[in-house]
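sequence? don't have it. structure:
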């Protein structure tokens, strides 16, 4: 038994096109025959000399010098025959399939029995071809082929050495993906928010890591918006919400009141609070500004009082009364500012 093989002219043209790049070559199928093609016609052959049955491509592997195909021949469905030729078909992209390689044994080949004679018969031929390229190569492996125990054991051992068990550790696995993240120095406060689709079951690892990395960039963006100014004075926990709560608690409120054509007025303040009062007579020739801090218990502290000969202040229960503010009726603008958020500013009145 002496098997020899060639790449046909059609097969060489297919390989040249594939080697140019940008194409996908697919190894379609194999077939076995009982004929012999003359040496002069081997290169131009487009089919087997005498087709017998389909053969199975059960293994493809890269070896030194090219690619090795393991082709298996199973028992005949009807009549026994002598297997003397095996062909391999392939195609480029969506083009028609052609006979890429032809192998034959001119010294008698291998006797293939029928299924009834030998149901477990299997004959395998290893074919090595100089197929090596960076372009994509796809091989159609026959999933229905029967294999010997030795072949099955070899396949299981190979799988055991490379597979990841369901309970295994994936710490050394590498996942290729397009990252949406950037370094801290590359993300600025005006970078904007990147929309991230929801994470869901069934996504590929590359999609998951792309979405996670994009969310990481969004976190960097938020960090730039928050800034790094020390807010420990506003929040003992150094948190943004703590600082906002403190600011909200310390907010002051105010109320503007007016008294028209009056010689005196009484300002009534709710108890329990602290206030700052700005009182300005609306007169170009008598601008008296009173700035006072007043406690709700009726005690008045005057911080600044412009000179005004006939102005006196008396206190009553939670009230400030200004008598004889001016020698003629005037209109007053009074701004009362509450320093305590617990006091309702609407309770401040004037009479």
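Alright, I've got the coordinates. Everything numeric here is computed off the predicted structure, so don't read it as measured data.

the helices in this protein, which residues?
Under the criterion DSSP state H, helices of the chain are mapped to 9-19, 149-162, 205-226, 240-249.

other SSEs contacting the first one?
For helix 9-19, the packing partners by 3 or more C-beta pairs under 8 Å, 6 or more residues apart in numbering; DSSP states H and E come out as strand 24-33, strand 85-92, strand 98-105. Just so you know, the C-beta spots here come from the backbone N, C-alpha and C atoms, and that holds for glycine as well.

quick one: low-confidence ranges for the stretch 1-150 of the chain?
1, 131-150 (pLDDT under 70).

in it, which spans are strands?
For the stretch 1-150 of the chain, the strands defined by DSSP state E, counting those that start in this stretch occupy 3-7, 24-33, 51-63, 66-73, 81-83, 85-92, 98-105, 110-112, 123-129, 136-139.

Dump the ones you listed into a markdown table; add mean neighbour count as well.
Shown next, in a markdown table, are those (neighbours: other C-beta atoms under 10 Å):
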| stretch | mean neighbour count |
| --- | --- |
| strand 3-7 | 17 |
| strand 24-33 | 20 |
| strand 51-63 | 17 |
| strand 66-73 | 20 |
| strand 81-83 | 18 |
| strand 85-92 | 23 |
| strand 98-105 | 22 |
| strand 110-112 | 17 |
| strand 123-129 | 17 |
| strand 136-139 | 14 |
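
Among the ones you listed, which comes closest to residue 215?
Of all the strands of the stretch 1-150 of the chain, strand 136-139 sits nearest to residue 215, with 32.8 Å by C-beta to C-beta.

so what's the residue nearest in space to the middle of the chain up against?
Nearest to the geometric centre of the chain sits residue 211, at 0.5 Å (C-alpha atoms, centre = their mean). With contact set as C-beta atoms under 8 Å, 6 or more residues apart in numbering, residue 211 has these partners: 180, 196, 197, 199, 203.

how far away is it from residue 197?
In this view, residue 211 and residue 197 are 6 Å apart by C-beta to C-beta, to the nearest Å.

go on, residue 233?
Distance from residue 233 to residue 197, by C-beta to C-beta: 41 Å.

right, and the helices and strands packed on helix 9-19 - which one's nearest residue 73?
Evaluated with C-beta to C-beta, the helices and strands packed on helix 9-19 place strand 24-33 nearest to residue 73, the distance being 5.0 Å.

partners of that closest one, with directions?
Taking DSSP bridges as the criterion, strand 24-33 forms sheet pairs with strand 51-63 (antiparallel), strand 85-92 (antiparallel), strand 136-139 (parallel).

a markdown table please, covering those strands and showing distance to residue 76.
Shown next, in a markdown table, are the strands paired with strand 24-33 (distance: least, C-beta to C-beta, whole Å):
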| stretch | distance to residue 76 |
| --- | --- |
| strand 51-63 | 6 |
| strand 85-92 | 15 |
| strand 136-139 | 25 |
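
how about those strands, which one is nearest residue 186?
With C-beta to C-beta as the criterion, residue 186 lies closest to strand 136-139 of the strands paired with strand 24-33, at 34.4 Å.

Name the nearest residue to residue 7, sequence neighbours excluded.
Closest residue to residue 7 apart from its sequence neighbours, by C-beta to C-beta, 6 or more residues apart in numbering: residue 101 at 5.5 Å.

Please pick the buried ones from the contacts of residue 211.
180, 196 (16 or more other C-beta atoms under 10 Å).

of the contacts of residue 211, closest to residue 271?
residue 196 (54.6 Å).

quick one: contacts for that closest one?
The contact partners of residue 196, by C-beta under 8 Å, 6+ apart, come to 180, 211, 214, 215, 218.

Ramachandran angles for it?
The phi and psi values for residue 196, taken as degrees, to the nearest 10, are phi -120, psi 120.
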